[in-house]
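Asker: Need a 3D model of the following:
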Amino acid sequence: MKILIELPTWLGDCVMATPAIENLLARYPQAEWVAIGSPVSVAVFTEHPRLIQSIVLDKSYPALFKTARQLGRFELFVSFRSSLRSRVFKGLVQADRKYQFDKRPVKWAIRLRNTTN
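Answerer: Sure, this is the predicted structure:
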């Protein structure tokens, strides 16, 4: 199984995403993964034993199209970014399942009930 993970841009965010990435890889023990992101975020994972490729992503839209075309097919794509550029990239990537971080707040519907008779 091949997994493509788009890393957060900033170093601190990338470090904070490390447990989520490790849990994802624990869920798929035979999976190999490709890291894509900013130079600093990709550098965090360069020595990871299951990382088969790391790619510094150019932020221009023509580069997104070119990179997505060159990557090939994945079983799973996970993005820890919520930008429009990341949404466009998610649409271009060939993957069976795609997931992306969404920073919009969740609005919970709370149903109150009367506890007195």
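Asker: And stretch 51-71, end to end?
Answerer: 14 Å (C-alpha to C-alpha, to the nearest Å).
Asker: Give me the contacts around it.
Answerer: Under the criterion C-beta atoms under 8 Å, 6 or more residues apart in numbering, residues 2, 4, 6, 32-39, 42, 45-46, 85, 88-89, 92-94 lie in contact with stretch 51-71. In short, each C-beta sits where N, CA and C put it, glycine included.
Asker: Can you list the buried residues in the helix or strand that contains Phe65?
Answerer: Phe65 belongs to helix 61-71 when assigned by DSSP states H and E. For helix 61-71, burial by neighbour count (16 or more other C-beta atoms under 10 Å) applies to Leu64, Thr67, Ala68, Leu71.
Asker: which stretches of the chain form helices?
Answerer: Applying DSSP state H to the chain gives helices spanning 11-27, 39-44, 61-71, 84-92.
Asker: Burial-wise, tell me which of the ones you listed comes out on top.
Answerer: Each of those was scored by mean neighbour count; the highest is helix 39-44, a mean of 17, by mean count of other C-beta atoms under 10 Å.
Asker: just checking, what packs against that one?
Answerer: Secondary-structure packing of helix 39-44 (3 or more C-beta pairs under 8 Å, 6 or more residues apart in numbering; DSSP states H and E): helix 11-27, strand 32-37, strand 51-56.
Asker: Tyr99: which of those is closest?
Answerer: Judged by C-beta to C-beta, the one of these that comes nearest to Tyr99 is helix 11-27, at 9.6 Å.
Asker: what's in contact with that closest one?
Answerer: 3, 5, 7-8, 31, 33, 37, 40-41, 44-45, 50, 78, 80.
Asker: ok now it, how far from the chain's centre?
Answerer: 10 Å (C-alpha atoms, centre = their mean, to the nearest Å).
Asker: and what of stretch 2-16?
Answerer: Put simply, stretch 2-16 sits 7 Å off its chain's centre (C-alpha atoms, centre = their mean).
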